[in-house]
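Visitor: Pasting the sequence and the predicted model now:
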Amino acid sequence: MATLLISIGGLYLYPESIIGPMYGRLLSGAIIFIMAHFIFVKYGSFKFNKEFLPEIKQFCMPFLFYVLSGWILSQIDRFMLQSYIDKVDLNTYDLVLKCFFGIEFLQNSLSAVIFPKLYEIWNKQERLSTTKESNRYFNVFTAVNIIQLIVFCIAIPILYKLLITKQSFYDAASYIGILAAGYGLRSILNFYLSTILFAKNTLTLLKIFGFSAIFQIVITYFAATYLGLMGKVSMREF
């Protein structure tokens, strides 16, 4: 919400400029950090123990690289498309992807709540396997995710008409359903991600990402070249 308010306010103060969105990201990030630090100090404690460093490094470094590489890969497609897609269409596509940040934020927040509960259940088992209780959490995530995507698909075209005056951006309605279908598959991704992280097998996660990244870059190139923007949007779901 802070990102949205600061960004929109910045656009009104500095029209035709990216100052608003830039400071929207920066200041909202600072606000989130301060709030998280305050909550941690109030309810938790920090104790440095160097004995844990090797294990932390072994687990976190591949996962950190996975997260950073995933972010880069999700942003780089717009640069690849500049030579093949009209700039107006590319801006329309970029804007609708920005709108999906809200969905991604809610998905990540829900995952952060569910994963510890799953790990608590699995820690009590001798063998790693799903149970009725753990499956219940995955079902809750799937249900909440589908409901919020339905609401989102209805709300975004309405908000576009209220907040955006440039008619060309209204073409984004053609892409919302396809992109939402991709975000709906996050339930399946979370199932595998939770088990890989629980097993502390982040190197496997990195290998999977490497193969999928190569596939996505290649398919993005051919889809954009021969099928245009709609082809790129459709192939994104793979």
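Guide: Ah, there it is.
Visitor: Give me the nearest residue to the most centrally placed residue in the chain, chain neighbours excluded.
Guide: A centroid search over the chain (CA atoms, centre = their mean) returns residue 104, at 4.2 Å, as the residue closest to the centre. Distance criterion CB to CB, 6 or more residues apart in numbering; nearest residue to residue 104, sequence neighbours excluded, is residue 183 at 7.4 Å. Where C-beta positions appear, they are placed from N, C-alpha and C, glycine not excepted.
Visitor: and the one you found, what does it touch?
Guide: 100, 103, 104, 107, 145, 149 (CB atoms under 8 Å, 6 or more residues apart in numbering).
Visitor: what's the spacing between the residue nearest to the centre of the chain and residue 97?
Guide: 10 Å (CB to CB, to the nearest Å).
Visitor: circling back to that earlier point, just the buried ones among the contacts of residue 183, please.
Guide: 100, 103, 107, 145, 149 (16 or more other CB atoms under 10 Å).
Visitor: Now, those residues that are in helices?
Guide: Those of the buried ones among the contacts of residue 183 mapping onto helices are 103, 107, 145, 149, per DSSP state H.
Visitor: any idea which element the closest residue to the first one other than its chain neighbours lies in?
Guide: This points to residue 103. In space, and not counting its chain neighbours, residue 103 is closest to residue 183: 5.4 Å by CB to CB, 6+ apart. Here residue 183, judged by DSSP states H and E, is contained in helix 173-184.
Visitor: With residue 41 instead?
Guide: helix 19-43.
Visitor: what does that helix contact?
Guide: Outside helix 19-43, the residues touching it (CB under 8 Å, 6+ apart) are 2-14, 46.
Visitor: any low-confidence regions in the chain?
Guide: 1-2, 228, 231-238 (pLDDT under 70).
Visitor: The helix ranked longest in it packs against which elements?
Guide: Longest helix in the chain, counting residues (DSSP H): helix 202-236. The elements that helix 202-236 packs onto, with contact taken as 3 or more CB pairs under 8 Å, 6 or more residues apart in numbering; DSSP states H and E, are helix 53-81, helix 87-99, helix 173-184, helix 186-198.
Visitor: go with 6 Å
Guide: With contacts taken as 3 or more CB pairs under 6 Å, 6 or more residues apart in numbering; DSSP states H and E, helix 202-236 sits against helix 53-81, helix 173-184.
Visitor: Could you check how far the shortest one is from the centre of its chain?
Guide: By that I understand helix 173-184. 14 Å (CA atoms, centre = their mean, to the nearest Å).
Visitor: next one: stretch 144-160
Guide: Worked out by CA atoms, centre = their mean, stretch 144-160 lies 16 Å from the chain centre.
Visitor: likewise stretch 152-165?
Guide: On the basis of CA atoms, centre = their mean, stretch 152-165 sits 21 Å off its chain's mean C-alpha point.
Visitor: ok, and what's touching it?
Guide: The contact list for stretch 152-165 (CB atoms under 6 Å, 6 or more residues apart in numbering) reads 99, 103, 173, 176, 180.
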